[in-house]
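Chemist: what follows is a predicted structure for the sequence shown.
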Amino acid sequence: MAKLGPNDPCWCGSDKKYKRCHFARDQLRILQGQATEQTPPPPGFRAVKPHALSPRRAVPEHIVRPDYALTGRPANPRSRQLLKTPEQIERLRRACKLAREALEVAKAAIGPGVTTDEIDRLTHEAYIARGGYPSTLNYHGYPKSLCTSVNEVICHGIPDLRPLEDGDIVNLDVTIYIDGVHGDLSETVLVGTVDQASRDLVTTTYECMMRGIGAVKPGGMIRDIGKAIQEHAESRGFSVVKAFVGHGIGEQFHMDPQVPHYFDATQTRELVPGMVFTIEPMINQGTWKHVTWEDQWTAVTADLKRSAQFEHTIAVTERGVEILSLPEGMAQPFAH
Ligand code: MF3
Ligand code: CO
Ligand code: CO
C-alpha cells in the first residue's frame, strides 16, 4: 500500500490521524528492526479496541483464596518443585475438571452481541458455585476472572464491555483455585459466521496443541513439544508466539518448568513422570511478535493479524501423558 502521511487516517481503522495513532509505534518498530514498513490491514479491517471494565466482582468469604488474592503478589517465592505426588495430582485432576465445567458454561453463552464482561460474570459465578476462587483475579493485579482474547489479541485480554461481533474468534482462558491447587485450560471459539482463514487458524492451533501433547513421554525432553508444534504451525503457513510459554502448575499458578511452543535446542530438561504442566500454543496468521496495550496486559499481534490458542493441563505418566483438562467422557487420546 502507499505510504501513509501523518495526516492520513490511521491504517488500524481508529478514525484518528495516523500521527495521533499508530505512527509512533510503527516508527519504534522500524527502529527496533521489528518491521521495515507500515503494516497494511486488509480491506474492512477493524481493530479490537479497549472498552470500559465493570466494577470488580466480589468473592464470598467462605471461598479459600490463594496467597496473592489480597495483595496481588504471590507471598511465597516461586517453588522449584517439579514432581507432584499422586495426592497432588488427584487434586489437580479435580481442579482441572471443575475449570473445564466453568469453560463449558462460558462457551455456551458465546454469541454476537454478548459482552466479554458477561462471560466474565458467568465464569466467576461458575467457579464460586463449585467452591473455587478465580485464579486470575488480582493475580499480579489482573482485574477479572478469566482472559478473553479476541481476534488479534494473543492472550491476557481483559473482559470488558465490548460486545462480541459476528465473525470474531475469542479465546476463553479459564482457571480455578480449589483444594490448594490451580487448574488451567483454554479454547478458542467462533462467534457466528467466521471466515475460512480464521477457521483454518483455529483448527491448526488445536492440532498444534494436540501434537505438542502427543510429543510428551517419559525420557523425552521439553524441546520435543515445541518442535512438534512449530513444525505443524509452519507447515500451514502460521507462526508460533515465543513470548508466552506453557508452565508448571500446582500449588502455584505458574511454576517450573517453562514450556516453549517453538523449537529451542537448549530445552533439554527430561520429561519425568509426576511433572504437571500446561501446553498452550498461541499461533498467528502473520508475525509472531506482539505489542502490549497500555493496560499492561492485553498482548496483540504486532501486525494485527489474528491469533488463536488452546490450552490443556497435562501430567507426564509412566507410559506417556494424561490430559487432566479433557471434556467429561472424552477418552485419553494418548498412552497414559
Ligand atoms: N491462564 C493464563 C495461562 O494460561 C494466565 C493468565 S494470568 C493473568 O497461563 F493474570 F493474565 F490472568
Ligand atoms: Co490459561
Ligand atoms: Co496456562
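Modeler: Thanks, I have the structure now. Ligands and ions are numbered 1, 2, ... in the order given.
Chemist: name the residues of stretch 213-233 that come out as buried.
Modeler: 213-218, 220-230, 232-233 (16 or more other Cβ atoms under 10 Å). From N, CA and C alone the C-beta is placed, and that goes for glycine too.
Chemist: average pLDDT across stretch 3-21?
Modeler: Across stretch 3-21, pLDDT averages out at 78.
Chemist: how long is that stretch end to end?
Modeler: Using Cα to Cα, to the nearest Å, the end-to-end distance of stretch 3-21 comes to 15 Å.
Chemist: again, but for stretch 72-79
Modeler: Distance across stretch 72-79, first residue to last, is 17 Å (Cα to Cα).
Chemist: roughly how far is it from the heart of the chain?
Modeler: In this view, stretch 72-79 has its centroid 21 Å away from the chain centroid, taken as Cα atoms, centre = their mean, to the nearest Å.
Chemist: so what's the residue count around the nearest residue to V59 once chain neighbours are set aside?
Modeler: Excluding the flanking residues, the one nearest V59 by Cβ to Cβ, 6 or more residues apart in numbering is Y133, at 6.1 Å. Counted by other Cβ atoms under 10 Å, the residues lying close to Y133 total 23.
Chemist: list the residues that contact Y133.
Modeler: Shown in contact with Y133 (Cβ atoms under 8 Å, 6 or more residues apart in numbering): V59, I63, V64, R65, P66, A69, Y127, I176, Y177, I178.
Chemist: I'd guessed the fifth one sits against Y177; true?
Modeler: Yes - the pair P66 and Y177 qualifies as a contact (Cβ atoms under 8 Å) at a distance of 4.9 Å.
Chemist: joint contacts of the two?
Modeler: The contact sets of P66 and Y177 overlap at Y133, S135, F253 (Cβ under 8 Å, 6+ apart).
Chemist: name the nearest residue to the second one, ignoring sequence neighbours.
Modeler: The shortest distance from S135 to any non-neighbouring residue, by Cβ to Cβ, 6+ apart, is to T175 (3.7 Å).
Chemist: please tell me how far I283 sits from D15.
Modeler: As for I283, its distance to D15 is 30 Å (criterion: Cβ to Cβ, to the nearest Å).
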